[in-house]
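Q: fold the stuff below for me.
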Amino acid sequence: MIRALTLCLAVAAVAWTAEVNAQEEVETTEIPLAEEAEPTPQSSDRRLGDRIMAVVGDDLLLESEWVEQTLILAEQLGVTRGTPQFDVIATETFDQIIRNLVIVSVARRDTMIMIDEELVLEQVDREIEQISQRFPSEADFRRELERSQWGSLAAYRADIQDRKRREMLGEALLEVRRDEIKAPTISDAEVRAYWDENRAGFGTQPVTIRFEEITVTLRPSESAREAARSAAEDVMQELEAGLDFTSAARRYSGDTSTAEEGGDLGWFGRGRMVASFEEAAFGAVGGELIGPVESPFGFHIIQVLDERTEERRARHILLSFERTQEDRDRARLEAESMRDLVRGGADVDSLQAIHMPGDSTASARIEFPASQLPPLYLRSLQDLEDGDATVIETATGFSVLVSRGRGGGEEITFEEIAPRIRQQLEQERAEEAFVQRLREQVFVDIRVRPERALADI
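A: Numbers count the residues shown, from 1 in each chain. Alright, predicted model coming up:
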């Protein structure tokens, strides 16, 4: 039920890529550790007795944890208490927590797995900061904690720290044991049966907006480049002298979207970053400080935190270029000139080749769900007639957007969604088989089944 609902909800966001995905081979199935719902302090009229619902290895599953995650997931899926769907969610949440605890129990005994406690604490601090920002003030946040099941910030922090450590242990085990996770063969009949059972939940293709883009980078003056480079070199020296990277990012980075998180960019693959940044990140040794690396945004100091075959997890500090109004006016005039050329019938591909040399994706027509377009792009394109052009200002300069109409809105067909259904079923079956083998190595004692506890929620 949880997976079925999640898949149906997710389809609307990804169905627009079905035509492309259908041309690609299905990748080796990856089984991520199911994420536990993020607990948020909330007071409740009913204080749970916190019965022990299960013992898994050295871990206890308390009733409060099961209730918390069930309510959060039900809210995310729009399911109300007292309905048959809610009961199914509660039961499957319980089963998923048990599966996660089995994985964690085995991971603790695996001597190949080491958890970076400093990284655990960083993630705990980040999560608490993000959650506290949902409240009007720090005082309101602490008051709500005192009224919640945790009772204090210290207890809340300890709970999140334990959950983060379990998540990292589970993820590490799945990475180490990846060769043991074998995707089973799913028959066409099974895919069709899943489609028939959940057809109503797939809905329609999202409305998409098609356009082409010609970028005009705001080129800084030579003095501005040298100033940014010098600032980056100074920060690099401070880091090499022992300054904490997270503190340096918060103090110096011009990337406001990641500065407060210590510059953490998360995982990314090739083609996601500008060429110079990508080359540096994929050529770096884990933990090594790289830089300054120049990009259209400024100079970066990069540190790779982890790596997979075709992915990197990195953090960075950006020392931005100082751009003058004169630089901005010059770039705007260039963009407006290209807009007028497009309106006069000029070939967009030729303009892209001239103004975006070396960009292999420049001539690709872009098609995005309207719901996922950045607001600035959506506002600029939604009323633009097919073939017309407009100019917008971006973080690195200006862009000429050329409308190429709209798509989507049609009902999702079985042929479009079948590859995703097959992959989902492969993932579920592989996870179930893998966890069942692990379960033979772990003591599991189910003391209270969720069916018995549902009346108390």
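
Q: right, and the helix or strand after the helix or strand bottoming out on mean pLDDT in the chain?
A: Taking mean pLDDT, DSSP states H and E as the measure, helix 18-21 is the helix or strand of the chain with the lowest mean score, a mean of 33. Beyond helix 18-21 in the direction of the C-terminus, DSSP states H and E gives the next helix or strand as strand 52-56.

Q: tell me which residues of that next one are tucked away?
A: Of the residues in strand 52-56, those buried by neighbour count under the rule 16 or more other C-beta atoms under 10 Å are 53-54, 56. No exception for glycine: its C-beta is placed from N, CA and C like everyone else's.

Q: redo the residues you listed as CSV? Include pLDDT and distance to Glu197.
A: What follows is these, written out as CSV (pLDDT from 0 to 100; distance: C-beta to C-beta, whole Å):
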residue, pLDDT, distance to Glu197
Met53, 93, 29
Ala54, 94, 29
Val56, 93, 31
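
Q: for the protein, just list every one of the strands.
A: All strands of the chain, identified by DSSP state E, fall at 52-56, 59-62, 208-217, 264-269, 289-295, 298-308, 311-320, 366-369, 389-394, 397-407, 444-446.

Q: let me see the contact set for the closest residue to Glu213 other than its chain neighbours.
A: Excluding its sequence neighbours, the residue lying closest to Glu213 (C-beta to C-beta, 6 or more residues apart in numbering) is Ser399, at 5.3 Å. When the contact criterion is C-beta atoms under 8 Å, 6 or more residues apart in numbering, the partners of Ser399 are 213-216, 335, 391-392.

Q: what is the burial count for the nearest residue to Ser276 once chain neighbours are set aside?
A: In this structure, Ser276 finds its nearest non-sequential neighbour in Ser295, 5.2 Å apart by C-beta to C-beta, 6+ apart. Using other C-beta atoms under 10 Å, the number of residues around Ser295 comes to 18.

Q: please verify my assumption that Ser295 contacts Glu278.
A: No: with contact defined as C-beta atoms under 8 Å, Ser295 does not reach Glu278; the gap is 9.8 Å.

Q: residue contacts, the most centrally placed residue in the chain?
A: For the chain, Gly266 is the residue whose C-alpha lies nearest the centre (C-alpha atoms, centre = their mean; 7.9 Å). Applying C-beta under 8 Å, 6+ apart, one finds that Gly266 lies in contact with Arg313.

Q: do the same with the one 10 residues further on
A: Going by C-beta under 8 Å, 6+ apart, Ser276 touches 293-295.

Q: save those residues as JSON lines, and put in distance to Gln205 and pLDDT too.
A: Written out in JSON lines, the entries for the contacts of Ser276 read as follows (distance: C-beta to C-beta, whole Å; pLDDT from 0 to 100):
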{"residue": "Val293", "distance to Gln205": "40", "pLDDT": "95"}
{"residue": "Glu294", "distance to Gln205": "41", "pLDDT": "93"}
{"residue": "Ser295", "distance to Gln205": "35", "pLDDT": "89"}
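
Q: of these, closest to Ala107?
A: Relative to Ala107, the closest of the contacts of Ser276 is Val293; by C-beta to C-beta it sits at 35.5 Å.

Q: just give me the neighbour total for the closest one.
A: Applying other C-beta under 10 Å, we find 21 residues neighbouring Val293.

Q: okay, and the beta partners of it?
A: Using DSSP bridges, the bridge partners assigned to Val293 are His300.

Q: what about it, distance to Gln303?
A: 11 Å (C-beta to C-beta, to the nearest Å).

Q: over to Phe202?
A: Relative to Gln303, Phe202 is positioned 42 Å away (C-beta to C-beta).

Q: do the same with Thr324
A: As it turns out, when the distance is counted by C-beta to C-beta, Thr324 lies 31 Å from Gln303.

Q: more crowded one of these two?
A: Looking at Thr324 and Gln303 with other C-beta under 10 Å, you find the greater number of neighbours at Gln303, namely 22 against 14.

Q: quick one: pLDDT of Phe202?
A: Residue-level confidence at Phe202 comes out at 77, pLDDT.

Q: may I have the phi/psi pair for it?
A: Backbone torsions of Phe202, given as degrees, to the nearest 10, read phi -80, psi -30.
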